[in-house]
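**Q** need the 3D shape of this:
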Amino acid sequence: MNVTRGFTGRARVDNPGLPPGQYDAGDDWPVLSAEVTPELAPADWTFRLDGLVERPRTWDWEQAHALPGSAYEGDIHCVTSWSKFGMRFGGVSLDTFLEVVRPHESATHAVAYSHTGYTTNLPLADLTGGRAWIAWECDGRPLAPEHGGPARLLVPHLYFWKSAKWIAGLTLLDHDEPGFWEQNGYHARGNPWQEQRYSGD
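**A** Below you'll find the model as predicted:
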């Protein structure tokens, strides 16, 4: 994905649900990735939580699906200026996974990493309290590979590059550690309502 500072996309339509500088993508769901879409079957997918936790743990596809389900219904916002309304994702709340591994009190941040090697950093506060999911369904259907399937991290209140596709795990840390796009000039947090697109915004 090649994004240039100042990219504005289509003309913005007045809508109180749109963050600044965004446009409503309507029925479109643009596909933007830093990497080639991998061939990753559900049977080969795993998800791990490690770092500053009491009990590091890895789940396979069946084990993750055995956890209590949770859903997100709402909007998503991409740093390249598009937003989609009324999205429905199904999966498991990240809180459920974190309850199993028991984060240390010193844990303040996490690095999310994908099966492709992609990374992105997030404050732990943005991943807890019902604000993040491991999602494998969209609109009642399996999440398509180009959109991060078999499973992706979903952090919908931040720009969508924080919702790592093909999620493989999170490492909890006591400090912030920039991921792929953050090392290449993107904002450390990425709040769409504050237009935190680039470092310094």
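**Q** list the contacts for the spatially most central residue of the chain?
**A** In the chain, the residue lying closest to the centroid (CA atoms, centre = their mean) is residue 163, at 1.1 Å. Contact analysis of residue 163 by CB atoms under 8 Å, 6 or more residues apart in numbering lists 76, 148, 152-156. To be clear about C-beta, it is placed using only N, CA and C from the backbone, and glycine gets the same treatment.
**Q** how about residue 122?
**A** 109-112, 155, 158, 162, 189.
**Q** that one and residue 142, how far apart?
**A** 25 Å (CB to CB, to the nearest Å).
**Q** can you point me to the longest strand in the chain?
**A** strand 82-93 (DSSP state E).
**Q** give the other helices and strands that that strand contacts.
**A** strand 23-24, strand 70-77, strand 133-138 (3 or more CB pairs under 8 Å, 6 or more residues apart in numbering; DSSP states H and E).
**Q** each with direction, which strands does it pair with?
**A** strand 23-24 (parallel), strand 70-77 (antiparallel), strand 133-138 (antiparallel) (DSSP bridges).
**Q** give me the contact list for the next helix or strand after it.
**A** The helix or strand immediately downstream of strand 82-93 is helix 94-101, counting by DSSP states H and E. Contact with helix 94-101 is made by 47, 49-50, 53-57, 59, 67-68, 70, 127-130, 132-134, 153, as judged by CB under 8 Å, 6+ apart.
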